[in-house]
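[1] Fold the following.
(one chain, ligands or ions: 2)
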Amino acid sequence: MIVTVTYNPAVDQTIQFDEQMAPDRVMRADSAQFDAGGKGINAAQLLTAMDCPCVATGLLGGFTGSFIRETLQEDGVETAFVDVDGTTRLNTTAIAAAEEYKLNQSGPTVGASVVDALLEQVRAQSPDRVLVGGSLPPGLSPDAIDRIAAGGDWETIVDTGGDVLRELDGQYGLCKPNRAELGDATGADVSTVEGCADAADTFRDRGFDRVLASLGADGAVLVGDAGRLYAEALDIDVVDTVGAGDALLSGVLSAWEAGADDETALRTGVAVSSQVVQRAGTAVPDLDDIETLRENVTVRQL
Ligand SMILES: Nc1ncnc2c1ncn2[C@@H]1O[C@H](COP(=O)(O)OP(=O)(O)OP(=O)(O)O)[C@@H](O)[C@H]1O
Ligand SMILES: O=P(O)(O)OC[C@@]1(O)O[C@H](CO)[C@@H](O)[C@@H]1O
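    Ligands and ions are numbered 1, 2, ... in the order given. The predicted structure is shown next:
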């Protein structure tokens, strides 16, 4: 069973415009939607849709927090959140002509005591895997993630970037940087797929058993004791890529939870992310055919 931890959830607002963004005038949207978001929450929704047992935890507050709670309940996602005083953030993706603009708030300031409260929620679920996903709100340091990793007898997976990823100091089962995050964290040349695999391999020494690097339209690399696997992305029509990394990771984790090997897990991850990027926002797509779709994904050893 997987517990997801989202320290900094978000309501994801996705607005689509027919025309390009332009300053100093009112842009009229073609469509708009709100989704429950934040990396761990997206993963929990996808895992639930794939019938993979999981519980979503994290910090929620204010009217946006209530929206997320209600949405997850409607979607049948099990939850165990900790309430905070501030208001959960609202992140906006604007899709204008073919361009994607992502505007993320920093989130409400929280006190360090929330880590103890969250750890209690996680322990109460007795998970075999814990996924900590997304940025940290003001008031928390990378130690908040290290404490989850050291807090029980579970494998911890982490999906975060920037300084937080660089400063983690614990034992992790996996991290999932995207290409830019992998480059930032290692300082390596990640312009080629082989360069990404090399960078991922060296990054394992920093306390990660495996590294899953998502490479957008170039696919994904999974590096671990079983070798360096590369999966090509599928040739599809992309609406927006918000949540693509969460989808890749959810597919991999759901396959591992079902006992699959790394190659099948990587195929599943790419298949799930392909479904997600063909839809606007972080809404959960139909994943019923995922075991068939994953057969279309090509994986090879590098
Ligand atoms: N343009 C694309 N065409 C096909 N597949 C794509 C494309 N972009 C993303 N994907 C799929 O989604 C996966 C994850 O993409 P990406 O590396 O963009 O994630 P990310 O940057 O972590 O995204 P986010 O932070 O928004 O969740 C890729 O490994 C690939 O399978
Ligand atoms: O600001 P963070 O925590 O890094 O990312 C948050 C976020 O952009 O990531 C998800 C997509 O992966 C969205 O649901 C959410 O808005």
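
[2] chain center to stretch 275-284: distance?
    13 Å (CA atoms, centre = their mean, to the nearest Å).

[3] Which residues outside that stretch are in contact with it?
    Outside stretch 275-284, the residues that touch it by CB atoms under 8 Å, 6 or more residues apart in numbering are 12, 14, 16, 31, 33, 35-37, 42, 45-46, 49, 75, 93, 95, 236-244, 246-247, 285-287, 290, 293. To be clear about C-beta, it is placed using only N, CA and C from the backbone, and glycine gets the same treatment.

[4] Make a ChimeraX selection of the buried ones in those residues.
    In ChimeraX syntax, the buried subset of the contacts of stretch 275-284 is picked out as below (16 or more other CB atoms under 10 Å):
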select :12,14,16,35,36,37,42,45,46,49,93,95,238,239,240,241,242,243,244,246,247,285,287,290,293
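
[5] contacts with ligand 2 among the contacts of stretch 275-284, please.
    12, 37, 42, 242-243, 246 (CB under 6 Å from any ligand atom).

[6] Now, these that are in strands?
    Using DSSP state E, the subset of those located in strands is 12, 37.

[7] Least confident of the ones next to ligand 2 among the contacts of stretch 275-284?
    Among those, Val242 carries the lowest pLDDT, at 88.

[8] Could you pull out the buried residues of stretch 119-139?
    Here stretch 119-139 shows 119, 121-122, 125, 127, 129-137, 139 as buried, counting by 16+ other CB under 10 Å.

[9] swap in stretch 107-123?
    Buried, per 16+ other CB under 10 Å, within stretch 107-123: 107-108, 110, 114-115, 118-119, 121-122.

[10] neighbours of whichever residue of the stretch 1-150 of the chain sits closest to ligand 1, just the number please.
    Nearest to ligand 1 in the stretch 1-150 of the chain, going by CB to the nearest ligand atom, is Lys39, at a distance of 6.7 Å. Lys39: 30 surrounding residues under other CB atoms under 10 Å.

[11] Chain neighbours aside, what residue packs nearest to it?
    Spatial nearest neighbour of Lys39, chain neighbours left out: Gly133 (3.1 Å); criterion: CB to CB, 6 or more residues apart in numbering.

[12] follow-up on the earlier one: give me phi/psi at the residue of the stretch 1-150 of the chain closest to ligand 1?
    phi -60, psi -40 (degrees, to the nearest 10).

[13] thinking it is in contact with Val158, fair?
    No - with contact defined as CB atoms under 8 Å, Lys39 does not count as touching Val158 (9.9 Å).

[14] follow-up on the earlier one: verify the contact between the residue nearest to Lys39 and Gly38 for me.
    Yes - with contact defined as CB under 8 Å, Gly133 reaches Gly38; the gap is 7.0 Å.

[15] what residues are shared contacts of those two?
    With CB under 8 Å, 6+ apart, Gly133 and Gly38 have common neighbours Thr6.

[16] what's Gln146 in contact with, if anything?
    One correction, residue 146 is Asp, not Gln. 168-170.

[17] same thing but 6 Å
    With contact set as CB atoms under 6 Å, 6 or more residues apart in numbering, Asp146 has these partners: 169-170.

[18] How is this structure divided into domains?
    As given by automatic domain parsing, the domain ranges for the chain are 1-18+31-97+109-155, 171-302.

[19] For the ones you listed, give me a markdown table that also has distance to Leu103.
    As requested, these are exported to a markdown table (distance: least, CB to CB, whole Å):
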| stretch | distance to Leu103 |
| --- | --- |
| domain 1-18+31-97+109-155 | 4 |
| domain 171-302 | 11 |
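
[20] of all those domains, which lies closest to Gly162?
    domain 171-302 (6.8 Å; CB to CB).

[21] chain center to the closest one, what's the gap?
    Worked out by CA atoms, centre = their mean, domain 171-302 lies 11 Å from the chain centre.

[22] what's the span of that domain from first residue to last?
    26 Å (CA to CA, to the nearest Å).

[23] do that domain and ligand 1 meet?
    Yes - residues of domain 171-302 contacting ligand 1 under CB under 6 Å from any ligand atom: 178, 214-217, 219-220, 233-234, 236, 238, 241-246, 248, 270, 273-274, 277.

[24] before we move on, what about stretch 96-107?
    No - Stretch 96-107 stays clear of ligand 1 (CB under 6 Å from any ligand atom), getting no nearer than 7.6 Å.
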